[in-house]
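Peer 1: Sequence below, structure please.
(2 chains)
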Amino acid sequence: MSREKLKSLGLELPMFPTTSVGSFPKPDYLVKARADFGKGKISRKQLVEMERKATAFWIEKQEELGVDVLVDGEQYRGDMVAYFAEIIPGFSQGGLVRSYGNRYYHKPIITGAVSWPGPITVEWWKYAQGLTKKPVKGMLTGPYTVMDWSFNEHYADRRATSLALADVIRKEVEALIAACCKIIQIDEPALSVRPEELPIAIEAMHRVTDGMNAYFITHACYGAFEHIYPGMLELPVDNFDLEMSNSDLGMLNLFGSVPFTKDISFGVVDVHTHELEDAATVQARMRQALTILPKERIWVDPDCGLKTRTVEEAIAKLRACVDAAKAFRN
Amino acid sequence: MNLIIANTGGYPRVGDTPELQLLRRTIAAIDRGEKTFADLADAENTMTRRAIEEQARAGVELLTDGQVRWYDPVSHLARKLAGVKINGLLRFFDSNTYFRQPVLLARPERKGPLVVEEFQFACNALGQIPTGREGSVRVAVKPVLTGPYTLAKLSLAEDATMKRLETRANAYATALAAEVKALADSGADFIQIDEPASIKHPNDWGVFTQALEPLLQARDEVRKIGRKLQLALYAYFYNPAPLYEKLVQMPLDVLGLDFTYDAKLADTIAAAGSPRPLALGLVDGRNTRLESAAEVARVVERLLPKIKGERAYLGPSCGLEYLPRDRAVAKLELLGKIRAAVGG
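Peer 2: All right, here's what the predicted structure looks like:
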């Protein structure tokens, strides 16, 4: 485990640190406030008040549960790419495209050179960190995923787009570190969509993290990891946060053939089911992890962001993670 | 050489105006218990007509029904087969869209039409729609089927006899061959078979080609009784260049290719030629940037002399569902501009 790095950053974490992937469901009052804001019924200031209230709720809830490394819950974000595209110059909002079923979103279009507009997430991170003594992760979306999930009308190709975005995200990382953020998660769920482009994702991540004094996590999920493993270990981060349970821990087979050399945030509960796994199921998943991975390297969390669950389900799933970690510490 | 403007598959099912939100809002109302599945059918019919009308007005000569009724390219067909249950979401190739994964509980069997009724509706809808900008262009509808290999590759099996990919592919092929015949009986003379997985997994070449055999036999049987029927194979979402020379030798009538992954694909085709008509997916169906009509026309000019069969098709690299509606229309209109620029 990069415990030395964490220690050098002033962070002492217990064995099997618990965390979560990023998003939490929005309480009903915030859902209503976002709808009202969209209709012009309330001001942005009123919306932000509700977002702060919901953020405080989730910080308090994570502390109650005993989570070790907290997140702000992304109560002020909609989509993980669109949120940044709405703020970063160079993007314009596209029309609706379908994600699946009856779900649609405004896919961003890169229409000009992207640039850093000044701190994007730092105020929210400071607010969340100000509510707790436990470390709160800085949460960003990675350059390769922002590129892959946007239309591009400006840059010559996918590599050029990724690298330009990487320069923007690096500045946000610098700003988070300047604000004393020690753990920064840079999500790359698109990492495996084009295995032949893994070198682009790695090159872009180098631009983001090289020389930066923080503990870096990346989250990836629902991909064909068999096509990018072990190459993905070249991504310059300290910790891979991976969806494991939805795929019945199938990735452990990969780790058995070529050792996993990073820390891992091991998804022990499936976020795409209403069903709450019982303690025996979660502990069995951890036992399986321990057959392949050294215990010093394992963090414990849900598979993915919990925003698609109800508030009650999200809390219950998070509690299952914490309970499992505690059981194994003992 | 006849250059025919053809859509490749799906079409946006919503737009930004309230009337273009009909389908989305109807499904949401059904979820709330406020509307019925009869309302859903009405909404699907309305948006299908709209998709056909927009394609025709944009100058498309061989169009699709827009696959407006399809949940996704996999489960829409698989859920209609006996012996199949539909599972959770998986990413559909390298798109940021998802499909529901079929699980085979038994050998998948066709128990009725898969897309025949949708095809018939689209053909009838055409009769109510002004066809072509000048009113003089022949417009036709092609049904689209996801191919047996791609369906098999993206399915799981709980039934032990269906665990082997080859067995699954052959079972799907039998069902799809029956659908090919039924479509021909309904008047289809051009059927598009989508096999995006074929170029992504070249090691499965034998499974892929074997699974196409029943569909080719169905085509040949239909032809024996005097019907005209062309089977087109479309491969997209990956670079087809490494397999091009094998793909183009397959006994299909048309080969549709995605040019967006490899700028050198045109060189490969120009060098090797094609013994059969090609569908040139030269307009990117997944990016909003509009290509230069003149630049694409130069590529078409290079390729046309190398293509045998007296005709070729010009279209998007894949279905247009991945684009916002206004951009999808713009891409279709661009196809006509490209054709006008060929030889210009």
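
Peer 1: switch to C-alpha atoms for all contacts and neighbour counts from now on
Peer 2: Fine.

Peer 1: how many neighbours does the residue in the stretch 101-250 of chain B that chain A sits nearest to have?
Peer 2: The minimum distance from the stretch 101-250 of chain B to chain A, using CA to the nearest CA, falls at B:Y238 (9.0 Å). Neighbourhood size, B:Y238 [other CA atoms under 10 Å in any protein chain shown]: 21.

Peer 1: What's the per-residue pLDDT of it here?
Peer 2: On pLDDT, B:Y238 comes in at 94.

Peer 1: my read: it touches B:P202, true?
Peer 2: No. Counting by CA atoms under 8 Å, B:Y238 does not reach B:P202; the two are 11.2 Å apart.

Peer 1: Any part of stretch B:158-173 near chain A?
Peer 2: No. Using CA under 8 Å from any CA of the partner chain, no contact is recorded between stretch B:158-173 and chain A, whose separation bottoms out at 15.0 Å.

Peer 1: Contacts (any at all) between chain B and stretch A:285-303?
Peer 2: No. Stretch A:285-303 stays clear of chain B (CA under 8 Å from any CA), getting no nearer than 14.5 Å.

Peer 1: Equivalent analysis for stretch A:208-223, please.
Peer 2: Yes. Using CA under 8 Å from any CA, we find that stretch A:208-223 touches chain B at A:222-223.

Peer 1: The chain: strands as residue ranges?
Peer 2: Here I'm looking at chain A. Using DSSP state E, the strands of chain A run over A:91-100, A:103-110, A:138-141, A:151-152, A:183-187, A:215-220, A:239-242, A:263-269, A:298-302.

Peer 1: my bad, the chain I had in mind was chain B
Peer 2: B:2-5, B:62-63, B:81-91, B:98-110, B:140-141, B:144-146, B:156-157, B:190-194, B:230-235, B:254-258, B:278-283, B:311-316.

Peer 1: right, so these: which one is the most enclosed?
Peer 2: Highest mean neighbour count of the strands of chain B: strand B:254-258, a mean of 27 (counted as mean count of other CA atoms under 10 Å in any protein chain shown).

Peer 1: Residues of the stretch 151-300 of chain A that sit close to chain B?
Peer 2: Checking the stretch 151-300 of chain A against chain B by CA under 8 Å from any CA, the hits are A:151-153, A:193-194, A:222-223.

Peer 1: Make JSON lines out of the residues you listed and add distance to B:R339.
Peer 2: As requested, these are exported to JSON lines (distance: CA to CA, whole Å):
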{"residue": "A:F151", "distance to B:R339": "25"}
{"residue": "A:N152", "distance to B:R339": "25"}
{"residue": "A:E153", "distance to B:R339": "23"}
{"residue": "A:V193", "distance to B:R339": "33"}
{"residue": "A:R194", "distance to B:R339": "32"}
{"residue": "A:Y222", "distance to B:R339": "41"}
{"residue": "A:G223", "distance to B:R339": "39"}
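
Peer 1: which of those residues sit farthest apart?
Peer 2: The most widely separated members of these, counting by CA to CA, are A:E153 and A:Y222 (27.5 Å).

Peer 1: how about the nearest residue to A:E243, chain neighbours excluded?
Peer 2: Leaving aside its chain neighbours, A:E243 sits nearest to A:D303 (4.1 Å; criterion: CA to CA, 6 or more residues apart in numbering or on different chains).

Peer 1: Which stretches in chain B count as helices?
Peer 2: All helices of chain B, identified by DSSP state H, fall at B:22-31, B:37-57, B:75-78, B:116-126, B:148-153, B:165-185, B:196-200, B:205-224, B:244-247, B:265-272, B:293-303, B:325-341.

Peer 1: and those, which is most packed in?
Peer 2: helix B:148-153 (a mean of 25).

Peer 1: Contacts for it, please.
Peer 2: For helix B:148-153, contacts defined as CA atoms under 8 Å, 6 or more residues apart in numbering or on different chains pick out B:74, B:78, B:165, B:168-173, B:176, B:194-198, B:207-208, B:211-212.

Peer 1: Go ahead and measure how far that helix is from the middle of the chain.
Peer 2: The chain centroid and the centroid of helix B:148-153 are separated by 15 Å under CA atoms, centre = their mean, to the nearest Å.

Peer 1: With only the CA atoms kept, save the helix or strand bottoming out on mean pLDDT in chain B in PDB.
Peer 2: Every helix and strand in chain B was compared by mean pLDDT, DSSP states H and E; the lowest is strand B:81-91, with a mean of 90. Output in PDB follows, covering the C-alpha atoms of strand B:81-91 (Å, rounded to 0.1, in the frame of the first residue of the first chain):
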ATOM      1  CA  LEU B  81     -37.300 -15.100 -28.800                       C
ATOM      2  CA  ALA B  82     -38.500 -18.000 -26.600                       C
ATOM      3  CA  GLY B  83     -35.800 -19.200 -24.200                       C
ATOM      4  CA  VAL B  84     -34.300 -15.800 -23.500                       C
ATOM      5  CA  LYS B  85     -34.500 -13.500 -20.400                       C
ATOM      6  CA  ILE B  86     -33.200 -10.000 -20.400                       C
ATOM      7  CA  ASN B  87     -30.700  -9.000 -17.700                       C
ATOM      8  CA  GLY B  88     -28.900  -5.800 -16.600                       C
ATOM      9  CA  LEU B  89     -27.100  -3.100 -18.500                       C
ATOM     10  CA  LEU B  90     -23.800  -3.300 -20.200                       C
ATOM     11  CA  ARG B  91     -21.900  -0.700 -22.300                       C
END
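
Peer 1: hang on, the earlier thing: what sits against the residue of the stretch 101-250 of chain B closest to chain A?
Peer 2: With CA under 8 Å, 6+ apart as the criterion, the residues that contact B:Y238 are B:196, B:199-200, B:258, B:261.

Peer 1: Could you tell me how far B:P108 is located from A:R297?
Peer 2: Noted for B:P108: a distance of 44 Å to A:R297, by CA to CA, to the nearest Å.

Peer 1: low-scoring stretches of the chain, by residue?
Peer 2: No chain was given, so I picked chain A. Chain A contains residues with pLDDT under 70 at A:1.

Peer 1: other chain: chain B
Peer 2: Applying pLDDT under 70 to chain B flags residues B:128-138.

Peer 1: shouldn't A:E188 be in contact with A:T218?
Peer 2: Yes. A:E188 lies in contact with A:T218 (CA under 8 Å); the separation is 6.3 Å.

Peer 1: Looking only at neighbour counts, state which of the two leads.
Peer 2: Using other CA under 10 Å as the criterion, A:E188 and A:T218 rank with A:T218 on top: 27 against 24.

Peer 1: my read: A:A220 touches A:D187, true?
Peer 2: Yes. Between A:A220 and A:D187 a contact is recorded at 6.5 Å, counting by CA under 8 Å.

Peer 1: Just want to know which of those two has more residues nearby.
Peer 2: Between A:A220 and A:D187, counted using other CA under 10 Å, the more crowded position is A:D187 (25 against 21).

Peer 1: any idea how far A:G38 is from A:R44?
Peer 2: From A:R44 to A:G38 the distance is 10 Å (CA to CA).

Peer 1: now do A:F91
Peer 2: To A:G38, A:F91 is 20 Å away according to CA to CA.

Peer 1: now, among the residues of the stretch 151-300 of chain A next to chain B, which is nearest to A:T55?
Peer 2: The closest of these to A:T55 turns out to be A:Y222 (CA to CA; 27.0 Å).

Peer 1: closest to A:D263 out of the strands of chain B?
Peer 2: The closest of those to A:D263 is strand B:81-91. By CA to CA, the value is 25.8 Å.

Peer 1: The closest one near chain A at all?
Peer 2: Yes. If you take CA under 8 Å from any CA as the test, strand B:81-91 does meet chain A, through B:90-91.
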